[in-house]
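S.K.: Fold the following and give me the result.
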Amino acid sequence: MTVIGWIEILVYCGIIVALTPLLGAYMTRVFSGERTFLSLILRPVEIAIYKIAGVNEQSEQHAVTYTIGMLLFHVGGFLLLYALMRFQALLPFNPAEQSAVAPDLSFNTSVSFITNTNWQAYGGESTMSYLVQMLGLTHQNYLSAATGIVLAMALIRGFARHSVRTVGNFWVDITRCTLYVLIPICVPYALFLIWQGMPQTLGPYVEATTLEGAKQTIAVGPVASQVAIKMLGTNGGGFFNANAAHPFENSTALSNFAQIISIFVIGAALTNVFGRMIGDQRQGWAILGAMGVLFVAGVITAYAAEAHGNDALNALGLTGGNMEGKEVRFGIVASALFAVITTAASCGAVNAMHDSFTAIGGMVPLINMQLGEIIVGGVGAGMYGMLLFVIIAIFVAGLMVGRTPEYVGKKIEAKEVKMAMLAILILPLMYLGWTAVAMLVPSAVASMNNPGPHGFTEVLYAYVSQDANNGSAFAGLNANTLFYNLTGAIAMLVGRFWMIIPTMAIAGSLVVKKTVPASAGTFPTTGGLFVGLLVGVIVIIGGLTFFPALALGPIVEQLSINAGTLFSAN
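M.R.: Numbering: from 1, shown residues only. Take a look at the predicted model:
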């Protein structure tokens with residue numbers, strides 16, 4: 001570890017903290033329907049969209065109606081993306097003449113992008129045309145990110161409002177989010193990335209001659225426009241197979257730093273939006289503080305492990321840390337920091353191969369996802385995921401003092417606690433269950449490129465990543481098979497929507513409640529005691545899922561051996 005490395009980490013944290021209230025104030029005005037500095041330009045466009053779509057922006061929706069609208073919106077997005085991939089060979093902007101994508105891979109990829117997971121069991125430059133990358137993938141990057149943000153806003157309104165029945169209007173919220181938040185940031189961001197050396201062209205792939213005289217095809221395309229929303233929207237799906245380790249997708253140390261800032265900036269700002277909308281910004285800072293504790297712990301652990309390197313190599317005098325699978329232009333600190341950030345959020349982009357991290361260094365991204373992607377988390381999804389843990393923490397505090405728990409003036413009762421637990425517990429059920437099943441299916445085991453515990457971790461990581469809607473991979477698993485495409489798609493759908501539906505039920509339950517004035521017995525939720533309780537609850541619940549995964553390894557490995565013997569005998 002170096003002084004420069006720690007300075008980079010501290011500067012990063014300082015920038016995120018500084019941007020949080022600035023973007024938080026702007027987003028609060030946007031979702032409150034107030035005038036912003038962009039209103040003069042964008043308000044006419046917004047009104048025109050409502051007229052074309054037949055949306056009454058003054059009409060708000062009940063939580064159930066809001067949720068149904070969101071679900072139908074995603075059905076349409078899935079069908080559009082699936083059709084684009086299946087008919088790819090017949091569509092324009094396909095200079096590399098990519099063929100139609102296989103049905104199971106099209107299904108998996110469509111589910112992946114509508115759920116903001118962006119899991120990729122394919123190489124982008126060798127599978128997708130420019131049209132599919134733009135109209136299909138980039139399009140869904142915007143809309144899936146906007147969906148997460150507006151669902152967080154619906155839950156925030158549940159806490160902020162009282163004695164009403166509506167939580168907003170889904171169509172208005174998603175229009176304002178895309179028009180006023182995502183696009184205005186992504187346009188200058190994409191121009192910055194082009195300046196840093198990222199391609200943005202509809203021209204054909206470039207033919208080059210190497211120093212040895214061989215011919216090489218260099219893939220290009222409309223990269224910058226996709227990468228901007230890929231990072232800002234915590235989508236993570238790469239234009240190229242190597243993702244942010246590719247020089248055309250992450251050209252310089254400066255572009256790398258800008259990308260990791262963009263991963264966290266909206267998720268962190270939503271904590272400030274929460275504080276502003278409930279009338280107490282300290283509540284938002286307390287939530288961000290809990291996120292920060294978990295994030296810093298992960299960064300310290302991963303950076304220390306990668307900087308220490310491999311003991312066997314150190315014993316031979318080959319010191320200097322673990323550079324396997326890392327880009328020289330980024331080095332150890334930028335790679336470790338990127339890995340923690342991308343898995344603390346639900347981004348999933350990678351600038352180094354997690355499969356090549358040390359055992360401890362690779363464990364940190366896995367734990368980040370197993371906690372439920374709530375350490376800042378995906379845009380919106382991290383915020384409503386953290387509020388689910390807040391409800392459980394408040395419930396635990398209520399049990400300690402023997403009174404009905406309260407949070408920001410709302411009584412937390414049995415319905416909210418049950419819905420929160422339902423949303424939280426479905427995640428470990430899915431990734432532990434599917435990992436166990438995969439270890440018993442010979443074709444799934446055959447996809448593992450590494451034997452023993454490391455190969456098992458590749459499978460576990462794959463399902464944790466898809467279930468948590470992250471999308472990163474250990475990269476040693478051949479996941480483009482019928483089994484992994486179908487089971488992975490199920491994990492992604494459950495991980496996204498099974499968490500959303502209970503969350504919206506909580507929003508609908510809270511918004512009708514009256515505000516309860518704080519009293520001498522009210523548990524304070526703005527100080528270190530609450531932050532410590534919240535972090536403790538997250539770690540305990542996460543531990544209950546992480547340690548069974550460790551115990552599951554040798555059990556299913558032995559079962560897979562027995563099953564393999566049985567299948568071969570028959």
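S.K.: give me the low-pLDDT residue ranges for the chain?
M.R.: Filtered on pLDDT under 70, the chain yields the residue ranges 544-570.
S.K.: try 50 this time
M.R.: 551-570 (pLDDT under 50).
S.K.: just the strands in this protein please.
M.R.: In the chain, the strands defined using DSSP state E lie at 206-209, 215-218, 406-407, 410-411.
S.K.: which one of these lies closest to residue 429?
M.R.: Checking those against residue 429 by Cβ to Cβ gives strand 406-407 as the closest, at 26.4 Å. Placement of C-beta: from N, CA and C, glycine included.
S.K.: Need the residues that contact that closest one.
M.R.: With Cβ atoms under 8 Å, 6 or more residues apart in numbering as the test, strand 406-407 has contacts from 159, 390, 391, 394, 398, 412, 516, 518, 522, 523, 525.
S.K.: For the fifth one, give me its contacts.
M.R.: Right, residue 398. Contacts of residue 398 by Cβ under 8 Å, 6+ apart are 404, 405, 406, 412, 523.
S.K.: likewise the second one?
M.R.: Residue 390 sits next to 287, 407, 525, 534 when contact means Cβ under 8 Å, 6+ apart.
S.K.: Now render the strands of the chain as JSON lines, adding distance to residue 93.
M.R.: As requested, those are exported to JSON lines (distance: least, Cβ to Cβ, whole Å):
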{"stretch": "strand 206-209", "distance to residue 93": "16"}
{"stretch": "strand 215-218", "distance to residue 93": "18"}
{"stretch": "strand 406-407", "distance to residue 93": "50"}
{"stretch": "strand 410-411", "distance to residue 93": "50"}
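S.K.: Give me the distance between the spatially closest residue to residue 481 that is not a sequence neighbour and residue 459.
M.R.: Spatial nearest neighbour of residue 481, excluding adjacent residues (Cβ to Cβ, 6 or more residues apart in numbering): residue 447 at 5.8 Å. Counting by Cβ to Cβ, to the nearest Å, the gap from residue 447 to residue 459 is 8 Å.
S.K.: shared neighbours of the two, anything?
M.R.: residue 477.
S.K.: of those two, who's got more company?
M.R.: residue 459 (26 against 20; other Cβ atoms under 10 Å).
S.K.: Let me know whether the more buried one touches residue 435 as I believe.
M.R.: Yes - counting by Cβ atoms under 8 Å, residue 435 is a contact partner of residue 459 at 5.6 Å.
S.K.: hang on, the earlier thing: can you pull the contacts of the residue nearest to residue 481?
M.R.: 477, 478, 479, 481, 483, 484.
S.K.: Return the residues in contact with the second one.
M.R.: Taking Cβ under 8 Å, 6+ apart as the definition of contact, the neighbours of residue 478 are 447, 449.
S.K.: I'd like to know the phi and psi angles of it, please.
M.R.: Phi and psi for residue 478, reported as degrees, to the nearest 10, are phi -80, psi 90.
S.K.: in stretch 29-38, what's buried?
M.R.: Neighbour counts over stretch 29-38 (16 or more other Cβ atoms under 10 Å) mark 29, 30, 31, 36 as buried.
S.K.: For the closest residue to the first one other than its chain neighbours, give its distance to residue 26.
M.R.: So the one you mean is residue 29. Closest residue to residue 29 apart from its sequence neighbours, by Cβ to Cβ, 6+ apart: residue 36 at 5.3 Å. Applying Cβ to Cβ, the value for residue 36 to residue 26 is 6 Å.
S.K.: Over to residue 356?
M.R.: On the measure of Cβ to Cβ, residue 356 and residue 26 end up 40 Å apart.
S.K.: burial count for the residue lying closest to residue 255 once chain neighbours are set aside?
M.R.: In this structure, residue 255 finds its nearest non-sequential neighbour in residue 196, 4.1 Å apart by Cβ to Cβ, 6+ apart. Counted with other Cβ under 10 Å, residues neighbouring residue 196 total 17.
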